[in-house]
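Visitor: any chance you could fold what I've pasted below:
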Amino acid sequence: MTPVTRAFRRFFAHESAGGILLAIAALAALLISNSPWGGAYQSLLQATGEVRMVNDALVLSKPLVVWINDLWMAIFFLLVGLEIKREFMAGELSGKGQLTLPAAAALGGMAVPALIYTAINWGDPVALQGWAIPAATDIAFALGIALLLGDRVPLSLKVFLTAVAIIDDLGAIIVIALFYTHQLSGVMLAGAALVMVALWWLNRLHVDRVDVYLALGLLLWLLVLKSGVHATLAGVVTALAIPMQRRDGQPLLRPFEHGLHPWVAFLILPTFAFANAGVSFEGISFDTLWLPIPLGIAAGLLLGKTIGVYGMAKLVILSGLAPAPTSATSRQLLGVSILCGIGFTMSLFIGGLAFAGQDPAYITQLKIGVLGGSLICGLLGTAMLWRKPQAA
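Guide: The predicted model follows:
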């Protein structure tokens, strides 16, 4: 094995690599969007791809960017579902006491940003549809920075950050299901319900073949897509049906999760970032930054997440409901709370649902707010955590 190969193996083995690739993909999208190739970039994203099945009785025709957001992100949500199930059943969130602190912090970190965004955008009914945009945390970016900071962030805070982000993802799934679903088809929903029953029954029978669950999951994705509910939720339902163990007691869910993670971290999420982060700055002035939508998103991510996560965490700790993270100072907890304001992937995803079919100006303002707010949170959180606490 050559030194270069070994270096790449070490790079990709490090969990922070996913966050780094995500940043590179987003930066590439921004640079290309503001270069002479900007038109070609937009044409590529709008190129139509078709899938025809059953003698053309079923035709799916969508632009490339929609395929990425609907199908590829379903695989991302499959991984999210696997992580949620494992953490709640056998991981850091399996105990009631372990759940209290990150759950309270995550709830505060969703509610306060939503309230700030709503207050700033109160006069615009279309803009109000994006109230959930700053409520999301991008686990790849936030945890990637925490890992790159090494021992400047205690292990207990890395676990806390991961738990907050996972609960945040669960909240985002619920929000998408309840508030970003339109024009339901009863027939397709009934079909999806039958597939979900089949997945549950396979789990009860202890069927331990992942490919069987994935085949039904693909059918569920198609039915959910046609039902009007956002198709990515099929990934979560499929993940929750996969058993933790095989019949012989050997682990099933964890190896599958570990095998799926590199594909999501190094292919699916960077592709999503490249397809969704591109925004042309042509015609955008400094005043655009102060429009209600980008201002609401950025303020929600920076102020809302910091106040919500840190405030609720301190309240729970001071009330004695849960202990503080081991070996962590208040400054370090504040720094990690600021990192929770890196919304990026999930914020762009929710914003795309919120402003689907609206004037493209809404999407432009969405991207400016998410990119600007996430960048500020990343830099400020890093600065807060950079200085190591003085030894006692």
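Visitor: just for this structure, where's the confidence low?
Guide: Of all residues in the chain, those with pLDDT under 70 make up the ranges 1-16, 53-59, 91-97, 182-184, 389-392.
Visitor: which single helix of it contains the most residues?
Guide: If each helix of the chain is counted by residues according to DSSP state H, the longest one is helix 360-386.
Visitor: so which bits of it are buried?
Guide: Under the neighbour-count criterion of 16 or more other CB atoms under 10 Å, helix 360-386 has 362-378, 380-382, 384-385 buried. Just so you know, the C-beta spots here come from the backbone N, C-alpha and C atoms, and that holds for glycine as well.
Visitor: which stretches of the chain form strands?
Guide: Read by DSSP state E, the chain holds these strands, from start to end of the chain: 48-53, 58-63.
Visitor: comparing these, which comes out most buried?
Guide: Between the strands of the chain, the one whose residues have the most neighbours on average, counting mean count of other CB atoms under 10 Å, is strand 58-63 (a mean of 13).
Visitor: circling back to that earlier point, nearest to residue 303, of the strands of the chain?
Guide: Using CB to CB as the criterion, the shortest distance between residue 303 and the strands of the chain is 35.2 Å, found for strand 58-63.
Visitor: how far away is the residue positioned nearest the centre of the chain from residue 102?
Guide: For the chain, the residue sitting closest to the mean C-alpha position, by CA atoms, centre = their mean, is residue 346 at 3.7 Å. Applying CB to CB, to the nearest Å, one obtains 17 Å for the distance of residue 346 from residue 102.
Visitor: re earlier: who are the contact partners of the closest residue to the residue nearest to the centre of the chain other than its chain neighbours?
Guide: Residue nearest to residue 346 in three dimensions, not counting chain neighbours: residue 136, with 3.4 Å by CB to CB, 6 or more residues apart in numbering. Shown here is residue 136, whose contacts under the criterion CB atoms under 8 Å, 6 or more residues apart in numbering are 168-169, 172, 343, 345-347, 349-350.
Visitor: wait, which of those residues is closest to residue 84?
Guide: Relative to residue 84, the closest of the contacts of residue 136 is residue 169; by CB to CB it sits at 6.9 Å.
Visitor: how about that closest one: what's its closest non-neighbour residue?
Guide: On the basis of CB to CB, 6+ apart, the spatially nearest residue to residue 169 that is not a chain neighbour turns out to be residue 80, at 4.9 Å.
Visitor: and that neighbour, how many neighbours?
Guide: Residues within reach of residue 80, counting by other CB atoms under 10 Å, total 24.
Visitor: so it touches residue 237, yeah?
Guide: No: under the contact definition of CB atoms under 8 Å, residue 80 does not touch residue 237, with a separation of 11.7 Å.
Visitor: who are the contact partners of residue 146?
Guide: Each residue near residue 146 by CB under 8 Å, 6+ apart is listed here: 153, 157-158, 161, 336, 339, 385.
Visitor: how far away is it from residue 132?
Guide: For residue 146, the distance to residue 132 equals 24 Å [CB to CB].
Visitor: again with residue 215
Guide: The gap separating residue 215 from residue 132 is 32 Å, by CB to CB.
Visitor: no more questions from me, cheers.
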